[in-house]
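Peer 1: let's see this in three dimensions:
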Amino acid sequence: MSTPLIHVQMEDPSEFTPEHKDKSEFRDFRMHNVPERVKRVYSEMHRKQTYAFVNQKMSEWCRFDHAEITVMEALEILSSYLDESDPDVDMPNSIHAFQTAEGMTCDQL
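Peer 2: This is a model prediction of the structure:
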């Protein structure tokens, strides 16, 4: 049984390129400017970086029995996901993934 095709409307990634941003809008990585939610997320991630926690998550998620979706459906879900570890939450994560892929292509990784 095949999944029906769906049309996913995505934003134009070129709108998020650095050329369209003033330098004053770039990230400021000094510690006093990090939002509390970002500090909280990183603290929790570091606390959970244990062998036992990773093994538990591997057995929970590596069965691949949670959903059967298309790549476009996955991108749509990704667009609604809010990454609390990233202070730049003003763009969908699908756009960020695209930017990362483009950057890797430019760097020939």
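Peer 1: which residues touch the residue nearest to the spatial centre of the chain?
Peer 2: A centroid search over the chain (Cα atoms, centre = their mean) returns N93, at 4.3 Å, as the residue closest to the centre. N93 is in contact with 78-79, 81-83, counting by Cβ atoms under 8 Å, 6 or more residues apart in numbering. In short, each C-beta sits where N, CA and C put it, glycine included.
Peer 1: if you set the cut-off to 10 Å instead, what comes out?
Peer 2: Residues in contact with N93 (Cβ atoms under 10 Å, 6 or more residues apart in numbering) are 75, 77-83, 86.
Peer 1: export these to TSV and tack on distance to Q49, secondary structure and pLDDT?
Peer 2: As requested, these are arranged in TSV below (distance: Cβ to Cβ, whole Å; DSSP: H, G, I helix; E, B strand; the rest coil; pLDDT from 0 to 100):
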residue	distance to Q49	secondary structure	pLDDT
L75	28	helix	82
I77	25	helix	85
L78	24	helix	81
S79	28	helix	80
S80	27	helix	80
Y81	21	coil	76
L82	22	coil	72
D83	18	coil	76
D86	18	coil	72
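Peer 1: from those residues, which single one is nearest Y51?
Peer 2: Comparing the contacts of N93 against Y51 with Cβ to Cβ places D83 closest, at 25.0 Å.
Peer 1: and the closest one, what does it touch?
Peer 2: In this structure, D83 makes contact with 38, 41, 89, 93, 96, judged by Cβ under 10 Å, 6+ apart.
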